[in-house]
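> from the sequence below, what's the structure:
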Amino acid sequence: MTGYLKLRRHALRILHSELSEQLCYHGISHTLDVLRVCNLYIRREQLNREKAKLLRIGALCHDIGYTVSDEDHEQESAELAATLMTQYGFTKNQISTIKDLILATKIPQTPKTSLEKILCDADLDYLGRKDYYEISNKLYKEMKTFNLVLNKEEWRKIQISFLEKHKYHTPFARKNRKPGKERRLQELKGQKN
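The predicted structure is shown next:
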């Protein structure tokens with residue numbers, strides 16, 4: 001079994017067993033969705049094996065830090081990813097790339113490389129998809145559980161502000177997700193208080 005497959009199994013086991021059940025958005029289903037979207041980018045952009053492997057590791061580990069803390073989880077995720085990668089024989093350069101990938105997903109996103117742009121867009125792919133409201137409601141429920149939002153009206157305003165500031169980074173997402181995101185923004189603005 002390759003180092004990647006061992007790391008994947010280990011990361012998924014951690015996410016499955018150590019994430020709080022109160023994380024109804026930042027749970028394993030989100031990680032698997034981000035991984036699925038990254039796999040679509042890998043095929044679409046015909047990424048080589050090395051880049052594909054690194055992007056998949058970034059997707060698998062980008063929120064693993066929630067097993068430690070919900071504050072500054074990207075830094076925790078980067079450190080946990082580095083520990084796992086060291087355990088499975090990855091190089092210092094590969095580990096550095098993964099840490100940068102994960103840290104780029106911190107809001108506001110600051111991707112510099114093409115892989116960072118893909119991971120950032122995969123992380124927020126749902127903003128422009130038809131399942132936006134279903135996923136957004138999971139995030140609302142999670143934030144309400146942690147007293148980060150009071151009610152639906154406050155949540156609507158938070159979402160409007162977030163969607164107005166958010167930018168996609170890859171040509172695919174700008175063409176195929178931005179229009180849906182703009183529709184969601186107009187729908188939210190049109191809702192009654």
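
> what's the burial count for the residue nearest to residue 178 when sequence neighbours are not counted?
With C-beta to C-beta, 6 or more residues apart in numbering as the criterion, residue 178 has its nearest non-adjacent residue at 5.4 Å, and that residue is residue 168. Where you see a C-beta, it was placed from the backbone N, CA and C, and this is true even at glycine. Residues lying near residue 168 (other C-beta atoms under 10 Å) number 21.

> so in the protein, which helix runs the longest?
helix 28-45 (DSSP state H).

> mean confidence for it?
Mean per-residue pLDDT for helix 28-45: 97.

> before we move on, the earlier item: the residue nearest to residue 178 and residue 174 touch, don't they?
Yes. Using C-beta atoms under 8 Å, residue 168 is in contact with residue 174, at 4.9 Å.

> circling back: so what does whichever helix or strand comes after the longest helix of the chain touch, helix or strand wise?
As assigned by DSSP states H and E, the chain's next helix or strand after helix 28-45 is helix 49-61. Here helix 49-61 touches helix 3-18, helix 28-45, helix 73-87, helix 92-104, helix 114-123, going by 3 or more C-beta pairs under 8 Å, 6 or more residues apart in numbering; DSSP states H and E.

> among the ones you listed, which is nearest residue 135?
Between residue 135 and the helices and strands packed on helix 49-61, the shortest gap by C-beta to C-beta is with helix 28-45, which sits at 8.1 Å.

> any idea how far the residue nearest the centre of the chain lies from residue 107?
The chain has residue 123 as the residue nearest its centroid, 2.9 Å off, counting by C-alpha atoms, centre = their mean. Separation of residue 123 from residue 107 (C-beta to C-beta, to the nearest Å): 9 Å.

> ok, residue 22 - contacts?
Residue 22 makes contacts with 142, 145-146, as judged by C-beta atoms under 8 Å, 6 or more residues apart in numbering.

> cool, residue 104 as well?
110-112, 116, 119-120.

> just these: which has the poorest pLDDT?
At the low end of pLDDT for these is residue 110, which has 92.

> quick check: PyMOL command selecting the buried ones in the contacts of residue 104.
Only the buried entries of those go into this PyMOL selection, using 16 or more other C-beta atoms under 10 Å:
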select buried, resi 111+116+119+120
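
> make JSON lines from the contacts of residue 104 and add distance to residue 150 to it.
Below are these laid out as JSON lines (distance: C-beta to C-beta, whole Å):
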{"residue": "110", "distance to residue 150": "29"}
{"residue": "111", "distance to residue 150": "32"}
{"residue": "112", "distance to residue 150": "36"}
{"residue": "116", "distance to residue 150": "34"}
{"residue": "119", "distance to residue 150": "32"}
{"residue": "120", "distance to residue 150": "29"}
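
> many thanks, have a good one.
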